[in-house]
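[1] I would like to see how this sequence folds:
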Amino acid sequence: MPANDLKLLIDAALIAGRVATSYSGKTAKKWDKPDGAGPVTEADLAVNDMLSATLRPARPDYGWLSEETDDTIERLSQNKVFILDPIDGTRSYAEGANTWAHSFAVADHGIIMAAVVYLPMLNKMYTAALGKGAQLNGESIQVSDQAELTGSSILSTKVNVEPRFWPNGVPDFNRNHRPSLAYRLALVAEGKFDAMFTFRPSWEWDIAAGALIVSEAGGKITDQTGNPLIFNQPDSLLNGVVAGGADVHAQALTALQYR
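    Alright, predicted model coming up:
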């Protein structure tokens with residue numbers, strides 16, 4: 001990875017924030033994608049266009065995987081690839097809330113090397129480079145040292161605490177929620193929450209940046225069966241995600257029916 005890939009992503013995120021906030025979330029044009037793929041706004045597309053115009057010329061040999069660009073098989077033949085969610089938490093954005101994020105990453109042979117999760121409305125810039133630790137606004141961050149799943153604070157949607165996922169009963173943890181998957185991962189990396197999980201198939205662009213930030217903050221992140229996350233796959237859906245401090249992560253996997 002070029003030494004300045006992280007800087008490239010940071011600079012792109014700052015521009016993305018200016019583009020996205022130049023629209024009013026509540027009044028930005030919005031429509032639903034085909035096949036129930038969720039909403040999109042004109043701001044999502046404007047950010048995506050900016051990223052394409054900025055990042056592609058800067059790294060012409062990198063592949064491209066973005067939520068707002070039609071996917072092609074070309075990226076599979078490229079060792080390095082951008083994995084991008086122009087706006088993660090589009091519903092939150094369209095409602096005029098402030099917990100939406102830009103989530104940008106670079107993968108090399110399936111491993112995330114550089115990552116940014118940026119929340120312009122909250123002035124929170126989470127960054128990481130492989131082997132260099134994780135930062136929030138330039139200050140080092142670490143996952144929590146919570147030792148037990150019982151009593152821990154978890155970021156998750158309601159569906160993930162249904163008994164069908166937990167054969168021995170739903171663990172006694174405190175569930176919380178944030179709309180953006182990237183922000184959930186960043187909050188775990190920051191130590192604000194002890195873990196996050198989602199058991200539905202998850203798009204690579206929602207997870208890639210946050211995955212590196214969690215691991216560089218000393219956390220553990222896998223799919224819901226405990227397998228490592230490998231990116232730039234032909235099918236860009238991951239088999240769910242479990243992330244947190246090592247102890248809570250291990251106990252969550254043990255408690256799930258998949259183990």
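
[2] residues contacting residue 209?
    Residue 209 is in contact with 83, 103, 104, 105, 112, 115, 116, 117, 126, 182, 185, counting by Cβ atoms under 8 Å, 6 or more residues apart in numbering. All C-beta atoms are positioned from the backbone trio N, CA, C, and that covers glycine.

[3] what about the residues you listed, which are in strands?
    The strands, defined by DSSP state E, take in 83, 103, 104, 105, 112, 115, 116, 117, 126 from those.

[4] which one of those is nearest to residue 11?
    Closest approach to residue 11 among the ones in strands among the contacts of residue 209 (Cβ to Cβ): residue 116, at 9.5 Å.

[5] give me the distance between residue 200 and residue 160.
    8 Å (Cβ to Cβ, to the nearest Å).

[6] who has more neighbours, those two?
    More crowded of residue 200 and residue 160, by other Cβ atoms under 10 Å: residue 160, with 21 against 13.

[7] and for the more buried one, nearest residue in space, chain neighbours not counted?
    What sits nearest to residue 160 in space, not counting adjacent residues and going by Cβ to Cβ, 6 or more residues apart in numbering, is residue 199, at 5.3 Å.

[8] let me see the mean pLDDT of the helix or strand containing residue 49.
    For residue 49, the host element (DSSP states H and E) is helix 42-58. Averaged across helix 42-58, pLDDT comes to 96.

[9] domain parsing of the chain, as residue ranges.
    5-140, 153-255 (automatic domain parsing).

[10] now residue 154, what's its secondary structure?
    Here residue 154 is recorded as strand under DSSP: H, G, I helix; E, B strand; the rest coil.

[11] residues contacting it?
    173, 174, 175, 176, 193, 194, 195, 196, 197.

[12] how many residues are close by the closest residue in space to the second one that isn't next to it in sequence?
    The one in question is residue 174. Once flanking residues are discounted, residue 174 sits nearest to residue 153: 4.9 Å by Cβ to Cβ, 6+ apart. Neighbourhood size, residue 153 [other Cβ under 10 Å]: 19.

[13] ok, now which ones touch residue 153?
    By Cβ under 8 Å, 6+ apart, residue 153 lies in contact with 146, 173, 174, 176, 193, 194.

[14] show the buried residues in these.
    Taking 16 or more other Cβ atoms under 10 Å as the criterion, what is buried in these is 146, 173, 193, 194.

[15] what's the closest of these to residue 15?
    Distances from residue 15 to these, taken by Cβ to Cβ, are shortest for residue 193, at 29.1 Å.

[16] quick one: the helix or strand hosting residue 7 to chain centroid distance?
    Using DSSP H and E, residue 7 falls within helix 5-21. Averaged C-alpha coordinates place helix 5-21 at 16 Å from its chain's average position (Cα atoms, centre = their mean, to the nearest Å).

[17] ok, which stretches of the stretch 51-200 of the chain are strands?
    Using DSSP state E, counting those that start in this stretch, the strands of the stretch 51-200 of the chain run over 63-66, 80-88, 101-108, 111-119, 124-129, 134-136, 139-140, 153-155, 174-176, 195-198.

[18] need the ones you listed in JSON lines (columns: distance to residue 9 and mean pLDDT).
    As requested, those are exported to JSON lines (distance: least, Cβ to Cβ, whole Å; pLDDT from 0 to 100):
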{"stretch": "strand 63-66", "distance to residue 9": "13", "mean pLDDT": "96"}
{"stretch": "strand 80-88", "distance to residue 9": "9", "mean pLDDT": "97"}
{"stretch": "strand 101-108", "distance to residue 9": "5", "mean pLDDT": "98"}
{"stretch": "strand 111-119", "distance to residue 9": "4", "mean pLDDT": "98"}
{"stretch": "strand 124-129", "distance to residue 9": "8", "mean pLDDT": "98"}
{"stretch": "strand 134-136", "distance to residue 9": "13", "mean pLDDT": "98"}
{"stretch": "strand 139-140", "distance to residue 9": "18", "mean pLDDT": "98"}
{"stretch": "strand 153-155", "distance to residue 9": "23", "mean pLDDT": "97"}
{"stretch": "strand 174-176", "distance to residue 9": "28", "mean pLDDT": "96"}
{"stretch": "strand 195-198", "distance to residue 9": "22", "mean pLDDT": "97"}
